[in-house]
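Colleague: pasting the sequence and the predicted model now:
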Amino acid sequence: GESVGLHLPTLSVQEGDNSIINCAYSNSASDYFIWYKQESGKGPQFIIDIRSNMDKRQGQRVTVLLNKTVKHLSLQIAATQPGDSAVYFCADKGGGADGLTFGKGTHLIIQP
Amino acid sequence: DAGVIQSPRHEVTEMGQEVTLRCKPISGHNSLFWYRQTMMRGLELLIYFNNNVPIDDSGMPEDRFSAKMPNASFSTLKIQPSEPRDSAVYFCASSFGGLGNIQYFGAGTRLSVL
């Protein structure tokens, strides 16, 4: 079946810099997208979501951008902090009764 | 707010034994999800309940896996007999309103089948 994939498995950024995590999805019928953060030994934690009728949504230090034309999703984290170090997953929900499909994850490492 | 509660946090068992994982969803949520996470396959949806009724169990790998939700505040995932390849972290998540809404995850159960 179709799935969500990530461009980079590991991203290393300097503390205080901005980071961008990218995600490509393949299901053109996907209508809902979520970013999760997973720290070691914990369950995925919701960060931000966006529906297909939007192309940008902002939260606290995070912004999600959705480009439906090229089926691309990104998560921007501003002024990264050590606590941002984690694995970040994107997930998309296909149309209708389809469930969430998770990508493999990107490991974000914050360098001091 | 207690969040989604899973038990046990860790389970070590021998091949062939029965394993039961437990989940208490967030109060008021009407949808519950069981996921399995491995390094090779990432997060996979096993089964999804809505209003205590199983809606989609297409992700359940084999007949050895079964899940129940006897009431709105409790669900179990059972593996019998367990096999070493079932070793993984099993997550339960809940949401209000089903698939198109935020799913909140528990801390997971790390299962090791020897």
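Modeller: Right, received. Where do you want to start?
Colleague: helix, strand or coil for B:R85?
Modeller: Put simply, B:R85 is helix when judged by DSSP: H, G, I helix; E, B strand; the rest coil.
Colleague: give me the neighbour count for it.
Modeller: 10 (other C-beta atoms under 10 Å in any protein chain shown). Quick note: C-beta positions are derived from backbone N, CA and C, even for glycine.
Colleague: so, low pLDDT: which residues of chain A?
Modeller: A:1-8, A:96-97 (pLDDT under 70).
Colleague: who in it is up against chain B?
Modeller: A:31-32, A:34, A:36, A:41-46, A:49, A:89, A:91, A:93, A:97-100, A:102-105 (C-beta under 8 Å from any C-beta of the partner chain).
Colleague: do you know how far A:H107 is from chain B?
Modeller: Going from A:H107 to chain B by C-beta to the nearest C-beta, to the nearest Å gives 12 Å.
Colleague: who touches that residue in this structure?
Modeller: A:9-11, A:86-87 (C-beta atoms under 8 Å, 6 or more residues apart in numbering or on different chains).
Colleague: now do the SS call for it.
Modeller: strand.
Colleague: picking up where we left off before, inside strands: which ones of the contacts of A:H107?
Modeller: Under the assignment DSSP state E, those contribute A:10-11, A:86-87 to strands.
Colleague: give the contact list for A:I50.
Modeller: A:I50 is in contact with A:32-33, A:56-57, A:64, A:66, A:73, counting by C-beta under 8 Å, 6+ apart.
Colleague: let me have the residues you listed in CSV, extended by distance to B:L111, neighbour count and secondary structure.
Modeller: Formatted as CSV, the contacts of A:I50 follow (distance: C-beta to C-beta, whole Å; neighbours: other C-beta atoms under 10 Å in any protein chain shown; DSSP: H, G, I helix; E, B strand; the rest coil):
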residue, distance to B:L111, neighbour count, secondary structure
A:Y32, 30, 19, strand
A:F33, 30, 24, strand
A:K56, 40, 11, strand
A:R57, 36, 15, strand
A:V64, 33, 24, strand
A:L66, 35, 22, strand
A:L73, 31, 25, strand
